[in-house]
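A.B. asks: A structural model of the following input is requested.
(chains A, B, C and D)
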Protein chains: 2
Amino acid sequence: MSAKITIHDVARESGVSIKTVSRVLNREPNVKADTRDRVQAAVAALNYRPNISARSLAGSKAYLIGVFFDNPSPGYVTDVQLGAIARCRQEGFHLIVEPIDSTGDVEDQVAPMLATLRMDGVILTPPLSDHPVVLAALEREGVAYVRIAPGGDIDRAPWVSMDDRLAAYEMTRHLIGLGHTDIGFIIGHPDHGASHQRHQGFIDAMRDAGLAVRDDRVEQGWFSFRSGFEAAEKLLGGADRPSAIFASNDDMALGVMAVANRMRLDLPAQLSVAGFDDTPGAKITWPQLTTVRQPIHAMAGTAADMLMHGVEREEGAPPPSRLLDFELVVRESTGQAPG
Amino acid sequence: MSAKITIHDVARESGVSIKTVSRVLNREPNVKADTRDRVQAAVAALNYRPNISARSLAGSKAYLIGVFFDNPSPGYVTDVQLGAIARCRQEGFHLIVEPIDSTGDVEDQVAPMLATLRMDGVILTPPLSDHPVVLAALEREGVAYVRIAPGGDIDRAPWVSMDDRLAAYEMTRHLIGLGHTDIGFIIGHPDHGASHQRHQGFIDAMRDAGLAVRDDRVEQGWFSFRSGFEAAEKLLGGADRPSAIFASNDDMALGVMAVANRMRLDLPAQLSVAGFDDTPGAKITWPQLTTVRQPIHAMAGTAADMLMHGVEREEGAPPPSRLLDFELVVRESTGQAPG
DNA sequence: GCTCGCCATGACAGCCTTGTCATGGCTAAG
DNA sequence: CTTAGCCATGACAAGGCTGTCATGGCGAGC
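C.D. replies: Predicted structure coming up:
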């Protein structure tokens, strides 16, 4: 509460000009070691914290990173936030969260906020990573951004992702390895770039194993529990049903399990179910879900890092981007194929 | 990208001084209607947006609201964010999210951020609503805050809550109304004020119905799926088991359902399960969970409102606070008692 | 008709920090 | 010994806005 202490106080205390204090604070060169120490001592003694508003008004950094999302999965969203914050804290940055409603007027939501609040960068989560209006607005305002798991137009801006195709490929191989030959697949939300890649991974693995991908074994979903539920009703409705179902995310897999439960199918004896994401929900079910652990935390942290340290892209070269590792998490919802 | 347009541009465009533009922007009095219109027209024409950093540096508002949380439930967290943002957007405020790790040094996490970033107010979610170090730091820095669902020390600061005791009371009555007389209860995390109130509501309802509350029918949980799972194992372990279990939140209720599933109990025919919160998970299960819908969205929105419009407390009077309505959501996980 | 007081408005000084440019001391080269 | 050039530092303006106080116009009261 006591009168805010400013850079002037520190300057006076350490007997230098405010500019020198500023240099020390910003790790600029050209400060004698001796002076630097004296200033740092004063900062510590006075418990001084630079004022963000003043910094961002005067300088080029705002110490603010934005996270845009329009994701129905709370687990995904908080994971991203936690991952980004962890990195931001270390550098004194803060996180601004901005839910965007893609069904509304996106321009109206994004443009004002970008103009009002200066941010050093924005982290885009799917499906916003591929939203043309959002990308355009960001570029128009000159705000740096990093896309998490973009679906296409990969060279447009820096991104962080994982190999969704490969992960789906390996999950499919896991099922095939358990003896499954008739596998159902539920595609994810078409606006998410990852949906396509996961689908492709499934197709590739089946093909490579010499197995047929029957059209009636593939259903379109929307990444929601309900869509998984409905897809499963179709998949499991006939007398002839697959021995395993691979859903493109956990929420849909949970929908599949709900249908299986209702049909009194024994999991995994009569039906194996696999998901994707390893959301908290994957463990909140019985049997626990076999799924793919996305490095969400790490992806968000990496994105924040890129933004804080300035995403420099060299002319002509593709933007600096990162592909992180995933992990197959085998739990109890998948088992040996019956028969 | 085009050169940032400032208040000076608007002033020039509308032929008034920047101070008058400022007056219009801030809805200050003493501006002729005619002038006001002219300024507003210029603002619209130039698509002017005031710069937040400059505003907060010069004035007393920061246009930033913080949300502190340390809540294991992602659904709860995002609900709070969404509720708060919805209100903030209308007034041009932004949301800063700050996860706090209560197991770490809280002072070290809170103090620097409060000193660096000026916020107009902070929304505290359980269990932070009752964290003494957080409250003290906020008060020391003179930052206004609103507590969501605090457990005690109710007159210390403004809060927004719902009547947890009454809700638990009504849920218990719902079960009793279905013929259940032997009901198990799982207490929530002891650090959350609501846990105690929900427990009390259960006790009161049982007592009022002339039913005994057996000690071995009450288990301590931690609001996590796992703790619900473990509590259920104890509750359902013996030959003599309750016909219904009321868990203090949905995650624990889901844990109960997992145990029931594993034991091949038929829900709700052999066991009724009730939760609390109406998180997304409540619908992501089969049968869907009977629960209490917390007005999380509204509570967060109300809290943001109080912060933006200044929580004025009159000397002597208790702080202005709000109790919002809840709703009993009866789904398929509760049914007639067997026998 | 004159003064008082209120209303609408403007001039100007901050708010706190960073960026730019100037300064003076010192080193190394000519 | 002189001077170019680098290093450490400081003075000052700028950044966009709000708060305070001053100003001029105008209607009301005497």
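A.B. asks: give me every residue that touches residue A:138.
C.D. replies: Going by Cβ atoms under 8 Å, 6 or more residues apart in numbering or on different chains, residue A:138 touches A:110, A:114, A:122, A:145. No exception for glycine: its C-beta is placed from N, CA and C like everyone else's.
A.B. asks: In helices, which of these fall?
C.D. replies: Using DSSP state H, A:110, A:114 are the members of the contacts of residue A:138 that sit in helices.
A.B. asks: Show me where the stretch 201-339 of chain A has its helices.
C.D. replies: A:225-237, A:250-262, A:296-308 (DSSP state H, counting those that start in this stretch).
A.B. asks: any idea which of those helices scores lowest on pLDDT?
C.D. replies: Across the helices of the stretch 201-339 of chain A, helix A:250-262 has the smallest mean pLDDT, namely a mean of 90.
A.B. asks: picking up where we left off before, need the helices of the stretch 201-339 of chain A in CSV (columns: mean neighbour count and distance to DNA strand D).
C.D. replies: What follows is those, written out as CSV (neighbours: other Cβ atoms under 10 Å in any protein chain shown; distance: least, Cβ to the nearest atom of the strand, whole Å):
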stretch, mean neighbour count, distance to DNA strand D
helix A:225-237, 21, 45
helix A:250-262, 26, 43
helix A:296-308, 23, 21
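A.B. asks: possible to save the ones you listed as TSV with distance to residue A:323?
C.D. replies: What follows is the helices of the stretch 201-339 of chain A, written out as TSV (distance: least, Cβ to Cβ, whole Å):
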stretch	distance to residue A:323
helix A:225-237	27
helix A:250-262	22
helix A:296-308	10
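A.B. asks: Figure out the length between the terminal residues of stretch A:84-97.
C.D. replies: One end of stretch A:84-97 to the other measures 11 Å (Cα to Cα, to the nearest Å).
A.B. asks: I'd like to know which of the helices of the stretch 201-339 of chain A is closest to DNA strand C.
C.D. replies: For these, the distance to DNA strand C is smallest for helix A:296-308, at 14.7 Å, taking Cβ to the nearest atom of the strand.
A.B. asks: before we move on, the earlier item: nearest to residue B:234, of the helices of the stretch 201-339 of chain A?
C.D. replies: Distance to residue B:234, taken as Cβ to Cβ, is lowest for helix A:250-262 among the helices of the stretch 201-339 of chain A, at 23.9 Å.
A.B. asks: tell me what that closest one is packed against?
C.D. replies: Helix A:250-262 is packed against helix A:225-237, strand A:244-247, strand A:272-274, with contacts defined by 3 or more Cβ pairs under 8 Å, 6 or more residues apart in numbering or on different chains; DSSP states H and E.
A.B. asks: Just put the ones you listed in TSV and tack on distance to chain B.
C.D. replies: Output for the helices and strands packed on helix A:250-262, formatted as TSV (distance: least, Cβ to the nearest Cβ, whole Å):
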stretch	distance to chain B
helix A:225-237	5
strand A:244-247	13
strand A:272-274	13
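A.B. asks: check contacts around residue A:217.
C.D. replies: A:182-185, A:235, A:242.
A.B. asks: one more time with 7 Å, if that's ok
C.D. replies: Residues touching residue A:217, when contacts are defined by Cβ atoms under 7 Å, 6 or more residues apart in numbering or on different chains, comprise A:183-185, A:235, A:242.
A.B. asks: Just the buried residues from the residues you listed, in ChimeraX please.
C.D. replies: To isolate the buried subset of the contacts of residue A:217 in ChimeraX, counting by 16 or more other Cβ atoms under 10 Å in any protein chain shown, use the following:
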select /A:183,184,185,235,242
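A.B. asks: out of the contacts of residue A:217, which are inside strands?
C.D. replies: Applying DSSP state E to the contacts of residue A:217, the entries found in strands are A:183-185.
A.B. asks: Could you check the pLDDT of residue A:166?
C.D. replies: 97.
A.B. asks: Name the residues of stretch A:4-17 that are buried.
C.D. replies: Across stretch A:4-17, burial judged by 16+ other Cβ under 10 Å covers A:6-7, A:9-11, A:13-14, A:16.
A.B. asks: thinking again about what came up before, intersect the ones in strands among the contacts of residue A:217 with the contacts of DNA strand D.
C.D. replies: Checked against DNA strand D using Cβ under 7 Å from any atom of the strand, the ones in strands among the contacts of residue A:217 give no members in range.
A.B. asks: Helix, strand or coil: sort out residue A:86 for me.
C.D. replies: helix (DSSP: H, G, I helix; E, B strand; the rest coil).
A.B. asks: That one against residue A:302, yeah?
C.D. replies: No - using Cβ atoms under 7 Å, residue A:86 and residue A:302 do not qualify as a contacting pair, with a distance of 11.1 Å.
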